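A.B. asks: I would like the atomic coordinates for the input below:
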Amino acid sequence: MSLKTIIYAVLAIGLWTTQGMAAATEAYKSSSVEARLITAENGVAPGASLLSAGLSLKLSDGWKTYWRSPGEVGLPPEIDWSGSTNLASAKILWPAPTRFRAFGIENFGYAKKVTFPFQITLKDPGKPATLQADVFLLICSEVCVPQDFSLTLDLPAATGVDLPRAEEIAAWSAKVPLDSTATLLNASASVSEDGSALIVAFDGGTNWSKADIFPEMSDGTAFGAPDIRKAADNSLLWASFPIFGDLEGDPALSLTLTTQDQAVTFETVTLSDTAIAPPFDVAKASASAAKRLQMLLIAFLGGLILNLMPCVLPVLSIKFSSALKMSNRPLNEVRLGFLASAAGTLAFMLLLAVGVLALQLLGVSIGWGMQFQSAGFLIALVLVLGLFSANLFGLFEFGLPQGLMTRLARDQGNGYAGDFATGLFGAVMATPCSAPLLGTALAFALTGQPLDVVLIFTAMGIGLAMPYLAVAARPSWVQRLPKPGRWMIVLKAVLGILLLATLVWLLWVLQSVASPAVMIGVIVALIAILACTLWNTRASSLLPIAVATVIAGGSFALPSIVGETAPEKVASLNWVPFDRTEIPRHVSLGHTVFVDVTADWCLTCKANKALVLDRDPVASLLAAPNVIPMQADWTRPDPAIQQFLEANGRFGIPFNIVYGPSAPEGIALSEVLTNDSVTTALTRAQSTQ
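C.D. replies: Sure thing, here's the model as predicted:
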């Protein structure tokens, strides 16, 4: 017999029985909560073995408490009945929760008012009983305050019903989810291949209006905000939840589905090995034309600004070398050469867009600059940039076999393939950085339709290629350079030094992503390839090229052969490792948390640290006792950091956000930090009390 049935029976009896003493304790009161232990019955009727009780909570404005599964952080209520007499058991029933967000974290619980119903079973039916509830609650607003209190209620041998209390318990019992076996609904679930998301689906046909789903899994596993979709014919509800924490063994899963008119619980759901695809007719909504145009403009400006970011040094070197190479060419050839470079930039951005779409189809999370987390990608850049630097220093000129050289000489082409490659490589080197406006455009693209991805990346590419396009529009600018002379040798040497500095930086990133041993192996391989290139300039045969190709191919196997073990890092200031669940705890203690998502391959991140974070006045503020500087190192792939970025609508770094008692949702900062922006955010986040 369910508790609801018991209560309704009690209410029916109570219509003709007389009422005795009030079936409620004196209230426990604090600034955040008022609590009472209540029962529907005024006492224990002759022969009665079951009673209906409840813990009634009234929460102050802005305060919340938690469900049995609190979400990413929090604690459920705990009640100890050991001080009771004539009590066999007290089973708590959990009304369906609501979802609320604090500190950028998803939680499940209750606000304003909640009554937890209890099904009380007596040891000796019909005999008086004493209910003593020792209660622990975690109540949270901008801070979290634990509440410990005891409530004691004596139930003598008596009949009668406290009608208001009985109605309160009955009303909240009606919010307890139905057992799924009593409905026609079915639930299925699976985990994505990379273990980053839980996919669930419900079928059986119902009104999915205002639907929400609350998953529960093994300890240490929590879930982020869901992406919930439904089929047009209301036949299927589908949802994807980011998983926070590791899934170990065969985790037990239960689901609670709430809709506008009902709540259903699925106590045991088997995880399928087959991924559940979303309904075909629930594609992401198309953006309006005005919104899309706005985002295209933002993407263009973001790409244009990217030319001015710290990562621009190697790109500028490449662009200057292009101008030097074309200074003696006819205007038409100069124009076509720079158009070819612009085409190379656009080609890379379109290739990046295609890669993003392919990875999205595979269910892989995407972020701007993530390719720099790949040791293979870094090795390729080191080898190409090493050859380019050596060429600028004049160690060799690229030579080809005589037959091929003769064939190319007869061709009417003017080296536009090299110009194309220059533009492409410049775009590659620009991607470790994020610029103002770029994050907004990327968020729109990566959460929109495939068409949005293509359009946004194209607009970014046009912005990044504008220096090439500007010279193509006015090719006479190149011919205004001084006549060839000693200055060109000096400039080429300077540009070579800049590229050499970039090469050193890439090697440093490689040893962080892979290992110092891999870095040393790649240096040896690069020296050997340079030696083969010098050999080729003298022999002009295919043998040196073949040997260099074998060495280059072998260098890509180094991470697998040597192993990837990143070196220990010594952090400046008093940075603590990133832990998303620690943010609300620190804020509840009145601390301000400054989160810095960074990586060794992010040059804008390094500029922010050198120019702002590691210098006064910001360094002193971050070292204050009430400030917790928390660093998330994304040099290597880290799903927790990826999910944190996506939860904040970001897909690239640097990303900095400040949490505090006055800013539980966080204050996100621009990609380029300034002293004023950081100090203002830290001040705003601190308590104003």
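
A.B. asks: for Ala129, give me phi and psi.
C.D. replies: Phi and psi for Ala129, reported as degrees, to the nearest 10, are phi -140, psi 160.

A.B. asks: what residues are up against the residue nearest to it when sequence neighbours are not counted?
C.D. replies: Spatially, and ignoring its direct neighbours in sequence, Ala129 is nearest to Asn86 (3.9 Å; CB to CB, 6 or more residues apart in numbering). C-beta: built from backbone N, CA, C; applies to glycine. Shown in contact with Asn86 (CB atoms under 8 Å, 6 or more residues apart in numbering): Leu122, Lys123, Asp124, Lys127, Pro128, Ala129, Thr130.

A.B. asks: of the residues you listed, buried ones?
C.D. replies: Leu122, Lys127, Ala129 (16 or more other CB atoms under 10 Å).

A.B. asks: could you measure from the last one over to Ser196?
C.D. replies: Same thing as Ala129. 50 Å (CB to CB, to the nearest Å).

A.B. asks: same question, the first one
C.D. replies: Distance of Leu122 to Ser196, given as CB to CB: 49 Å.

A.B. asks: now Glu41
C.D. replies: 50 Å.

A.B. asks: quick check: the gap between Ala473 and Pro467.
C.D. replies: Counting by CB to CB - Ala473 and Pro467 are separated by 11 Å.

A.B. asks: the two: which has the busier surroundings?
C.D. replies: Under the criterion of other CB atoms under 10 Å, the comparison of Ala473 against Pro467 puts Pro467 first, with 22 against 12.

A.B. asks: pretty sure the more buried one sits against Asn307.
C.D. replies: Yes: between Pro467 and Asn307 there is a contact at 6.1 Å, judged by CB atoms under 8 Å.

A.B. asks: contacting residues around Val522?
C.D. replies: Ile379, Val382, Leu383, Leu507, Leu510, Ser555, Leu558.

A.B. asks: now with 7 Å?
C.D. replies: Taking CB atoms under 7 Å, 6 or more residues apart in numbering, we find Val522 in contact with Ile379, Val382, Leu510, Ser555, Leu558.

A.B. asks: how many residues are close by the first one?
C.D. replies: Put plainly, it is Ile379. When neighbours are counted by other CB under 10 Å, Ile379 comes out with 27.

A.B. asks: now Ala252
C.D. replies: 13.

A.B. asks: low-confidence ranges, the stretch 401-550 of the chain, go.
C.D. replies: 401-415, 431-436, 439, 447, 478-489, 491-493, 495-496, 536-542, 544 (pLDDT under 70).

A.B. asks: about what we covered before: let's have the contacts of Asn86 in JSON lines, adding secondary structure, pLDDT and distance to Leu543.
C.D. replies: What follows is the contacts of Asn86, written out as JSON lines (DSSP: H, G, I helix; E, B strand; the rest coil; pLDDT from 0 to 100; distance: CB to CB, whole Å):
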{"residue": "Leu122", "secondary structure": "strand", "pLDDT": "93", "distance to Leu543": "95"}
{"residue": "Lys123", "secondary structure": "coil", "pLDDT": "93", "distance to Leu543": "94"}
{"residue": "Asp124", "secondary structure": "coil", "pLDDT": "92", "distance to Leu543": "99"}
{"residue": "Lys127", "secondary structure": "coil", "pLDDT": "92", "distance to Leu543": "101"}
{"residue": "Pro128", "secondary structure": "coil", "pLDDT": "92", "distance to Leu543": "102"}
{"residue": "Ala129", "secondary structure": "strand", "pLDDT": "92", "distance to Leu543": "96"}
{"residue": "Thr130", "secondary structure": "strand", "pLDDT": "92", "distance to Leu543": "96"}
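
A.B. asks: any chance of those in a markdown table, plus distance to Trp94?
C.D. replies: Shown next, in a markdown table, are the contacts of Asn86 (distance: CB to CB, whole Å):
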| residue | distance to Trp94 |
| --- | --- |
| Leu122 | 23 |
| Lys123 | 25 |
| Asp124 | 28 |
| Lys127 | 29 |
| Pro128 | 29 |
| Ala129 | 23 |
| Thr130 | 25 |
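
A.B. asks: checking Arg615 next. Helix, strand or coil?
C.D. replies: Three-state assignment for Arg615 (DSSP: H, G, I helix; E, B strand; the rest coil): coil.

A.B. asks: and for Gly54, the neighbour number?
C.D. replies: Neighbours of Gly54 using other CB under 10 Å come to 28.

A.B. asks: OK, contacts around it?
C.D. replies: Contacts of Gly54 by CB under 7 Å, 6+ apart are Ile38, Thr115, Phe116, Pro117, Phe118, Glu168, Ile169, Trp172.

A.B. asks: report pLDDT for the residue lying closest to Ser84 once chain neighbours are set aside.
C.D. replies: Excluding the flanking residues, the one nearest Ser84 by CB to CB, 6+ apart is Gln132, at 4.8 Å. Gln132 is assigned 93 on the pLDDT scale.

A.B. asks: kindly report the same for the one 5 residues further on.
C.D. replies: Per-residue pLDDT puts Leu137 at 90.

A.B. asks: looks like it contacts Val145 (just checking).
C.D. replies: No: the criterion here is CB atoms under 7 Å, and Leu137 misses it with Val145 at 9.0 Å.

A.B. asks: from Tyr66, how far out is Asn107?
C.D. replies: In terms of CB to CB, Asn107 sits 7 Å off from Tyr66.

A.B. asks: overlap of the contact sets of these two?
C.D. replies: Common contacts of Asn107 and Tyr66 (CB under 7 Å, 6+ apart): Gly74.

A.B. asks: skip ahead from the element among helices and strands of the chain having the smallest mean pLDDT and say which helix or strand is next.
C.D. replies: Counting by mean pLDDT, DSSP states H and E, the chain has its least confident helix or strand at helix 402-410, which shows a mean of 41. Next helix or strand after helix 402-410 toward the C-terminus (DSSP states H and E): helix 416-430.
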